[in-house]
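Q: Got a predicted model here, sequence first, then my questions.
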Amino acid sequence: MKKNAPSETLDETDVQILRHLQDDGRLSNAKLAQRVALSETPCWHRLRKLESEGYIQSYQAMLDRRKLGLGELAFISLNFSPHTAEAFASLEKLVEASEEVLTCHRVTGEADFVMTVVAEDLDSVRDFIDTVLRSLPNVATIRTSLSLREVKFSSRLPLPGAR
């Protein structure tokens, strides 16, 4: 089996459960059971199994960042010189503590890390860069791109099987 391949125990009913929960994480067990053609108890057991095996990591609401006053979305690339484990660990610790950082990835290519950051306005983006990111050791360059228009935003993952 591939390293990141779905477990062989994930059958079509499990995939249907995951698909319905991605569409609506607030579905009651009764409604979920009805949609996947199971009685409530077997559905509940499958759901708990999917949670315990880590297929379902958490439940959360999708919020509108603009309605919350977070009008800016920035993509920030960082390069470190020299590359040290301590500098990378400092970044990872900082990212974990920063609510404005939505995603952060160590990447290949021109940058060492790329992160997605939300902020109230351009001044807040600048402040985050100047006071938070520039405090990191060994930061050589910081490049920022601002989102002009959000074309797609989703946390839904493609699931195996028919759509």
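A: That came through, no problem.
Q: okay, now E40: neighbour count?
A: In terms of burial, E40 registers 14 neighbours under the definition other Cβ atoms under 10 Å. Every residue, glycine included, has its C-beta placed from N, CA and C.
Q: Surely it and A33 touch.
A: Yes - here E40 reaches A33: they are 4.7 Å apart, a contact under Cβ atoms under 8 Å.
Q: residues in contact with stretch 53-73?
A: Residues outside stretch 53-73 that contact it (Cβ atoms under 8 Å, 6 or more residues apart in numbering) are 7, 9-10, 14, 18, 21, 25, 47, 50, 116-122, 124-125, 146-147, 150, 155.
Q: so what's the residue of the chain most remote from its centre up against?
A: Distance from the C-alpha centroid of the chain, by Cα atoms, centre = their mean, peaks at S39 (32.1 Å). The contact partners of S39, taken as Cβ under 8 Å, 6+ apart, are A33.
Q: any idea how far N138 is from it?
A: Per Cβ to Cβ, to the nearest Å, S39 is found 58 Å from N138.
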